[in-house]
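1. Quick one, what's the 3D model for this:
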Amino acid sequence: MASLAGAVKRNGAFEANLDHWRTVVDRLDNEVATLHLGGGAKAAERLRGQGKMLARERLAALLDPGTPFLELGVWAGWGMYAEWGGAPSAGVVTGVGTVSNRRCVVVANDATVKAGAWFPITCKKILRAQEIALENRLPLIYLVDSAGVFLPMQDEIFPDREHFGRVFYNNARLSAAGIYQLAAIMGPCVAGGAYLPIMSDEALIVEKTGSIFLAGPALVRAAIGEPIDTEALGGAEVQSDISMVVDDRYPDDASCIAAIRARLGQLARAPLAAYDRGEAREPAVDPADILGSIPQDRTRPYDTYALLAHLLDGSELDEYKATSGRTLVCGTGRIGGRAVGVVANQRGVVHRRRGLGDKEREMQIGGVIYADAADKGARFVELCNQKGIPLLFLQDVTGFMVGSKSEREGIIKDGAKMVNVVANSTVPKITVIVGNSYGAGNYAMCGKAYGARFIFAWPSACIAVMGGEQAAQTLLQLQVGKREVSAAEKLAILADIRARYEATTDPRYAASRLWVDGILDPRHTREAVAACLEAAAHEGQQAPFRWGVLQT
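-> Numbering: from 1, shown residues only. Presented below is the predicted three-dimensional model:
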C-alpha cells in the first residue's frame with residue numbers, strides 16, 4: 001500500500017478552494033433545511049391538530065437512537081411543479097437507516113405536501129427506494145399517509161411501465177424474493193394506493209387517523225348513492241376487526257411505531273456477503289480538508305490522488321498498473337474498514353509515452369479516457385469481480401479521446417470493452433460524480449444507467465452530453481444557420497444558450513430528477529460510502545460475473 005498523503009498540497013489555491021466550497025455547502029445546507037419543512041408550518045400544525053406526528057418525527061421515533069440515516073432523494077422535485085405550488089422532496093422521505101439493529105429502507109409520505117399526494121417524481125422516488133431494497137435485500141418499511149395520485153397530473157403517473165402500478169408490481173416481487181415489507185397506515189390510503197400496504201407482508205393501522213379504501217366517501221356516494229363517512233367506510237376498526245384487511249390497529253402514531261420496531265427486532269438476520277472488512281482507520285489527512293483539493297473552476301486541473309488521500313483509510317492505495325493508462329487511477333484500498341476497488345479519472349498532470357522507447361512527457365489532461373486507460377479500467381473491474389471487491393467510481397470525465405489518431409487506435413473498441421465490463425459487473429458499484437460527467441464517459445464510469453447501487457454528486461458536479469462551451473457553440477451554429485447575424489446578436493444568442501444549458505447542468509437539477517440519489521457534502525463522502533457498502537453487504541452471495549462479446 002502506498003501513502004497518498006504527500007499528494008495534498010496546502011497553498012494559496014488550496015485555502016481559496018476551502019473558503020469557496022464551504023460557502024457553497026453552507027448554502028446547500030440552508031436549502032435542504034427548507035426542503036425538510038415540506039409544505040410549511042401551517043400544514044404541519046394542521047396535521048398535529050389531527051393527533052399526527054410529522055413524517056420526519058415518525059422517522060426519528062422509528063430509527064435506532066444515535067444511528068445515521070442515509071437520506072436519498074431529498075432534492076427530488078426541486079424547481080418542478082411550480083404551477084401547483086411545488087413538491088418539496090417529492091412529498092416523501094426515503095433512505096436507509098437502522099431499526100432494531102436491522103438495516104432497512106424507509107419510505108414515509110409527507111402529508112404536509114399536498115396531503116401526501118403522488119406527483120410523477122414521487123412515484124419515481126418510491127420506485128428507486130424499492131429498487132435499493134431489492135438489490136441489497138433490505139427490509140422495507142412504508143409509513144403511509146397519502147391522498148393518492150395527484151389528479152391534475154394523472155396522465156403522467158398512471159399507465160406507463162415505470163408509473164404507479166410498478167410500485168405494486170415491486171411489492172409482489174420483493175415479497176416473493178423473501179424481502180420483508182411492513183406498512184403502517186397512518187393517514188388516508190386511497191384507491192390504487194391501498195394496494196401498497198396490503199401487498200406488504202404485514203400491515204398496521206392507526207385508529208382515527210388511518211383509513212384505507214378503494215373509493216372514498218364522496219366517490220362512493222357519486223357511484224352508488226351510499227352516504228357514508230370515512231371511519232365507517234374504511235377506518236381502523238372496519239379494516240382490522242371486520243374485513244381483516246389490516247393485521248393490527250393502534251391508538252396513535254407512537255404505539256404503532258413501537259410495534260414496527262418490535263416486529264423488525266424479530267426478523268431473522270440474513271447472512272452477509274463475504275466482502276472483506278478489516279479495522280476502520282481515519283485517513284492520514286483531515287477528511288474535512290478535502291474541499292481544498294477541489295478547484296472552483298471545473299476546467300482547472302487537480303491531482304486525483306489528493307482526493308483519494310482524504311477518502312481512503314490511512315490515505316493508502318494499492319495502485320493497479322500505476323505506470324500505464326495514467327488518465328485513469330485504479331487500485332484497492334479501504335473505506336470504514338471495508339475493501340473497495342477505486343476507479344477514478346485523473347484530472348492532473350500525467351506522464352505518457354507515445355510509443356516504445358519514447359521518453360515520457362508531461363501532459364495536462366481534462367479527465368479524458370485514452371484507449372490504454374479504458375483497457376486498464378476494464379481489466380481492473382474484471383479483477384474486482386473475480387476477487388469479490390466492491391467498486392467505487394469517482395467521475396470527473398469529459399469523455400473518450402477523439403481525433404484521427406485515437407480512431408485508428410480503436411478508441412471505440414476499447415471504450416466499448418470498458419462499458420461492457422462495467423455493465424455486467426456484479427459486485428456492488430457506488431458512484432460519486434466529483435466534477436464533469438460527459439457523454440460516454442458517464443457510462444463507462446458507471447453512471448445511473450449502468451446499475452450503480454448508489455450514485456451521488458458533489459456540489460462541483462456537472463452532468464451533460466458535452467461541456468457547456470462546446471454545446472453552446474454547436475447550438476449557436478444550428479440556431480444561426482447560414483443567415484447573416486451581427487456580432488452583437490451572436491453574443492446575445494450565445495449568452496442565452498449558455499444560461500439555459502448551464503441551468504440544466506446544476507447538480508440540483510440532476511438531483512431533482514433523481515439522476516443521482518443526492519448531493520453529498522464532500523466532507524461526508526467517507527461516511528456515505530461506508531453506509532452504502534454496509535447496505536450492499538446484505539445482498540448475500542455475489543452473483544456470477546459474466547460478460548458479452550468483447551472486441552479485443
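2. residues in contact with the nearest residue to Val93 once chain neighbours are set aside?
-> The spatial neighbour of Val93 that comes closest, neighbours along the chain excluded (CB to CB, 6 or more residues apart in numbering), is Ala108 at 4.5 Å. Using the backbone N, CA and C atoms, a C-beta is placed for each residue, glycine as well. By CB atoms under 8 Å, 6 or more residues apart in numbering, the residues touching Ala108 are 55-56, 58-59, 92-94, 142-143, 145.
3. continuing past the helix or strand of the chain with the lowest mean pLDDT, what's the next helix or strand?
-> The weakest-scoring helix or strand in the chain, judged by mean pLDDT, DSSP states H and E, is strand 361-364 (a mean of 61). Sequence-wise, the next helix or strand downstream of strand 361-364 (DSSP states H and E) is strand 368-369.
4. what's next to that following strand, contact-wise?
-> 327-328, 345, 377, 397-401, 415, 418, 441, 444.
5. Kindly report the same for stretch 405-417.
-> Contacts for stretch 405-417 (CB under 8 Å, 6+ apart): 369-372, 374-375, 378, 400-402, 440, 444, 550-552.
6. Can you select the buried ones from those residues in ChimeraX?
-> Applying 16 or more other CB atoms under 10 Å to these leaves a buried subset, and the ChimeraX line that selects it is:
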select :369,370,371,372,374,375,378,400,401,440,444
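7. Now, the contacts of stretch 405-417 that are in strands?
-> In strands, judged by DSSP state E, the following of the contacts of stretch 405-417 are found: 369, 400.
8. Return the subset of the contacts of stretch 405-417 lying in helices.
-> Counting by DSSP state H, the part of the contacts of stretch 405-417 found in helices is 371-372, 374-375, 378, 440, 444.
9. Nearest to Ile185 among the residues you listed?
-> Ala444 (44.8 Å; CB to CB).
10. Report the separation between the residue nearest to Val93 and Glu534.
-> According to CB to CB, to the nearest Å, Ala108 and Glu534 sit 21 Å apart.
11. which SS state does Ile437 fall under?
-> Residue 437: Ser, not Ile. strand (DSSP: H, G, I helix; E, B strand; the rest coil).
12. That one is in contact with Val465, isn't it?
-> No - contact criterion CB atoms under 8 Å: Ser437 and Val465 do not qualify, at 10.0 Å.
13. Tell me which of these two has more neighbours.
-> Under the criterion of other CB atoms under 10 Å, the comparison of Ser437 against Val465 puts Ser437 first, with 30 against 12.
14. coming back round to it: just the buried ones out of the contacts of strand 368-369, please.
-> 327-328, 345, 377, 397-401, 415, 418, 441, 444.
15. Next, format the residues you listed as a markdown table and append distance to Arg334.
-> Listed next are those as a markdown table, based on distance: CB to CB, whole Å:
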| residue | distance to Arg334 |
| --- | --- |
| Thr327 | 25 |
| Leu328 | 20 |
| Asn345 | 21 |
| Gly377 | 20 |
| Val397 | 24 |
| Thr398 | 29 |
| Gly399 | 31 |
| Phe400 | 30 |
| Met401 | 32 |
| Gly415 | 30 |
| Met418 | 24 |
| Gly441 | 27 |
| Ala444 | 25 |
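16. Dump those residues into a markdown table; add distance to Phe14 and pLDDT as well.
-> Formatted as a markdown table, these follow (distance: CB to CB, whole Å; pLDDT from 0 to 100):
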| residue | distance to Phe14 | pLDDT |
| --- | --- | --- |
| Thr327 | 23 | 92 |
| Leu328 | 24 | 96 |
| Asn345 | 20 | 96 |
| Gly377 | 29 | 97 |
| Val397 | 23 | 95 |
| Thr398 | 23 | 89 |
| Gly399 | 28 | 88 |
| Phe400 | 31 | 90 |
| Met401 | 30 | 87 |
| Gly415 | 34 | 90 |
| Met418 | 32 | 94 |
| Gly441 | 27 | 92 |
| Ala444 | 30 | 94 |
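17. ok, of those residues, which one's closest to Asp303?
-> Nearest to Asp303 among the buried ones among the contacts of strand 368-369 is Asn345, at 11.8 Å by CB to CB.
18. Please give me every residue in contact with that closest one.
-> Contacts of Asn345 by CB under 8 Å, 6+ apart are 304, 327-329, 367, 369, 394-397, 434, 441, 445.
19. Now those in JSON lines, please, with extra columns for distance to Asp253.
-> Formatted as JSON lines, the contacts of Asn345 follow (distance: CB to CB, whole Å):
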{"residue": "Thr304", "distance to Asp253": "48"}
{"residue": "Thr327", "distance to Asp253": "54"}
{"residue": "Leu328", "distance to Asp253": "51"}
{"residue": "Val329", "distance to Asp253": "49"}
{"residue": "Gly367", "distance to Asp253": "49"}
{"residue": "Ile369", "distance to Asp253": "52"}
{"residue": "Leu394", "distance to Asp253": "41"}
{"residue": "Gln395", "distance to Asp253": "41"}
{"residue": "Asp396", "distance to Asp253": "45"}
{"residue": "Val397", "distance to Asp253": "46"}
{"residue": "Val434", "distance to Asp253": "41"}
{"residue": "Gly441", "distance to Asp253": "47"}
{"residue": "Met445", "distance to Asp253": "43"}
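20. Among the buried ones among the contacts of strand 368-369, which one lies nearest to Arg48?
-> Val397 (48.0 Å).
21. quick one, longest helix in this structure?
-> Longest helix in the chain, counting by DSSP H: helix 12-35.
22. Just the buried residues of it, please?
-> Neighbour count says helix 12-35 has 14, 17-18, 20-21, 24-25, 28, 32 buried, by 16+ other CB under 10 Å.
23. Same check on stretch 543-552?
-> 545, 547.
24. Could you do stretch 176-190 as well?
-> Neighbour-count burial for stretch 176-190 flags 179-190 (criterion: 16+ other CB under 10 Å).
25. C-alpha coordinates for that stretch, PDB please?
-> The C-alpha trace of stretch 176-190 is given here as PDB (Å, rounded to 0.1, in the frame of the first residue of the first chain):
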ATOM      1  CA  ALA A 176     -41.600 -13.300  -3.500                       C
ATOM      2  CA  ALA A 177     -37.800 -12.700  -3.100                       C
ATOM      3  CA  GLY A 178     -38.200 -13.100   0.700                       C
ATOM      4  CA  ILE A 179     -37.600  -9.400   1.400                       C
ATOM      5  CA  TYR A 180     -39.800  -8.400   4.300                       C
ATOM      6  CA  GLN A 181     -42.100  -5.400   3.900                       C
ATOM      7  CA  LEU A 182     -44.100  -3.800   6.600                       C
ATOM      8  CA  ALA A 183     -46.600  -0.900   6.000                       C
ATOM      9  CA  ALA A 184     -48.200   1.300   8.700                       C
ATOM     10  CA  ILE A 185     -51.400   3.200   7.600                       C
ATOM     11  CA  MET A 186     -51.000   6.400   9.500                       C
ATOM     12  CA  GLY A 187     -53.300   8.600   7.300                       C
ATOM     13  CA  PRO A 188     -55.500   8.200   4.300                       C
ATOM     14  CA  CYS A 189     -54.700   5.300   1.900                       C
ATOM     15  CA  VAL A 190     -57.000   5.700  -1.200                       C
END
